[in-house]
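Novice: sequence unknown, structure follows:
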């Protein structure tokens, strides 16, 4: 009985230490706007079959944060969809792994005031890191909050580039 309790305590202590190490590693990824944005793009990207670190993905977002794609429906009406990070994982996670997906930032415009920031982040999307031509481009409008300890994503609101809605030159690399 004592041996069983000792083994259980050892397992609990080990898991707790691993959890603390992961939390410390995660905190390092949200200390600057740059590291937070890079982590966002890195965590959703991966080759076909590669699992994503959804715990890290969720760690980026303040509770009640939203991911908001805007797009035209089949009738041609512009609509938005409001998702929590969990909703995004449920709706897109399987597709990302089954198809491979890399989203790469190609340009960034940052506006900050005090503890808030607004970033327009232009991206290109690929199925594989080795792809030369993106299958999609767009702009992520990302709102951030710094609580004095770290940066939190409050919202990501995005739209894809279309023939009718090309990305303006001032949001593309020079």
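Specialist: It's in. Worth saying up front: this structure is predicted, and the values here are computed from it rather than measured. Residues are numbered from 1 along each chain as shown.

Novice: which strand or helix spans the most centrally placed residue in the chain?
Specialist: The residue lying closest to the centre of the chain (CA atoms, centre = their mean) is residue 40, at 3.3 Å. Assigned by DSSP states H and E, residue 40 falls within helix 33-44.

Novice: that helix - what's its average pLDDT?
Specialist: The average pLDDT within helix 33-44 is 98.

Novice: where does pLDDT dip in the protein?
Specialist: 1-23 (pLDDT under 70).

Novice: and the helices in it, which stretches?
Specialist: 2-28, 33-44, 54-59, 85-99 (DSSP state H).

Novice: buried residues of the helix holding residue 40, list them for me.
Specialist: Within helix 33-44, the residues scored as buried using 16 or more other CB atoms under 10 Å are 33, 36-37, 39-40, 42-44. The C-beta positions use only the backbone N, C-alpha and C, and glycine is treated the same way.

Novice: and what of stretch 89-108?
Specialist: Buried residues in stretch 89-108 (16+ other CB under 10 Å): 89, 92-93, 96-97, 100-103, 107-108.

Novice: same deal with stretch 120-133?
Specialist: For stretch 120-133, by 16+ other CB under 10 Å, it's 121-126.

Novice: ok, stretch 53-70 next?
Specialist: Under 16+ other CB under 10 Å, the buried positions of stretch 53-70 are 56-62, 65-67, 69.

Novice: which residues are contacting that stretch?
Specialist: 22, 26, 29-30, 36, 39-40, 43-44, 78-89, 93, 145, 152-159 (CB atoms under 8 Å, 6 or more residues apart in numbering).

Novice: could you measure from residue 104 over to residue 96?
Specialist: From residue 104 over to residue 96 the distance is 14 Å, taken as CB to CB, to the nearest Å.

Novice: what comes up buried for stretch 130-149?
Specialist: Neighbour-count burial for stretch 130-149 flags 134, 137-144, 146 (criterion: 16+ other CB under 10 Å).
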